[in-house]
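Q: Build the 3D model from these lines:
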Amino acid sequence: MENPYKEEFVRIFQQHVAREGGEKLLSWLSGTDFFTAPASTKFHCACECGLAQHSVNVYKVLREKYFEEGDSEESFALCGLLHDVCKAQFYKISTRNVKNDETGQWEKKPFYTVEDAFPYGHGEKSVYLIERFVRLKPAEAMAVRWHMGGFDDSVKGGSYALSTAFDRYPLAVKLHLSDLEATYLHEHGTSEVRR
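A: Numbering: from 1, shown residues only. Sure thing, here's the model as predicted:
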């Protein structure tokens, strides 16, 4: 299957990321299911290639709406494209029996489940995986770590670190807002489960 999102992702990455280890990171991604995986089990981009689609969408919103003089093209590409790298090797396809209303017959239907082999958190896992290949700057690490904003489990548990990160690192706020816009505005209706 041709994946236009993979092609666009790779083009953006190679155009803007010159940091040592970048090509190794891209090669590693190609050896995982990153470019064919969904972005969620049932919400936005819960479809084949959804994770690549979401990653490109977040980058585009980040770059088009929030890039200012003095910002780094490389930082925007790294953060926008890789914020959800934690979802590589994260979803599995399973099946369940669903009754066909027209025929009355039970049919096996595929659906996505989570099988987290490395339960390290969400944003922090993405930072960890990126830094196996590419050294992130503090602002980039903070942006990727806190891109979930108030949806992050540690924030729901009472951590105040998000407020400090948002106060000190504008890139973290920009990435979070871009993720929200891509998810809830641009990707509305992209879930195969909710059609």
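Q: Quick one: list the elements packing against the host helix or strand of residue 13.
A: Using DSSP states H and E, residue 13 sits within helix 4-16. Judged by 3 or more CB pairs under 8 Å, 6 or more residues apart in numbering; DSSP states H and E, helix 4-16 is in contact with helix 22-30, helix 50-66, helix 73-82. Where C-beta positions appear, they are placed from N, C-alpha and C, glycine not excepted.
Q: can you list contacts of that helix?
A: 22, 26, 35, 49, 52-53, 55-56, 59, 73-74, 76-77, 81 (CB atoms under 8 Å, 6 or more residues apart in numbering).
Q: Please check those and keep the buried ones.
A: 22, 26, 35, 49, 52-53, 55-56, 59, 74, 76-77, 81 (16 or more other CB atoms under 10 Å).
Q: Contact partners for the residue most central in space within the chain?
A: Nearest residue to the geometric centre of the chain (CA atoms, centre = their mean): residue 84, 2.7 Å. Contacts for residue 84 (CB under 8 Å, 6+ apart) come out as 39, 51, 54-55, 58, 126, 147.
Q: export these to TSV and tack on distance to residue 141 and pLDDT?
A: Shown next, in TSV, are those (distance: CB to CB, whole Å; pLDDT from 0 to 100):
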residue	distance to residue 141	pLDDT
39	22	93
51	21	96
54	20	97
55	18	98
58	17	98
126	10	98
147	11	97
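Q: Mind picking the two most distant members of those residues?
A: Greatest spatial distance among those (CB to CB): 51 and 147, at 14.1 Å.
Q: out of the contacts of residue 84, which one sits closest to residue 2?
A: Using CB to CB, the contacts of residue 84 come closest to residue 2 at residue 51, 16.3 Å.
Q: ok, how many other residues are close to the closest one?
A: 26 (other CB atoms under 10 Å).
Q: re the thing from before, as a markdown table, the contacts of helix 4-16 with distance to residue 174 would be great.
A: A markdown table is the format used below for those (distance: CB to CB, whole Å):
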| residue | distance to residue 174 |
| --- | --- |
| 22 | 21 |
| 26 | 23 |
| 35 | 25 |
| 49 | 25 |
| 52 | 21 |
| 53 | 20 |
| 55 | 16 |
| 56 | 17 |
| 59 | 12 |
| 73 | 14 |
| 74 | 15 |
| 76 | 8 |
| 77 | 13 |
| 81 | 14 |
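Q: between these, which is closest to residue 121?
A: Distances from residue 121 to the contacts of helix 4-16, taken by CB to CB, are shortest for residue 55, at 18.6 Å.
Q: Just the helices from the protein, written as ranges.
A: In the chain, the helices defined using DSSP state H lie at 4-16, 22-30, 50-66, 73-82, 123-131, 138-145, 153-156, 161-168, 170-181.
Q: Brilliant, that's me finished.
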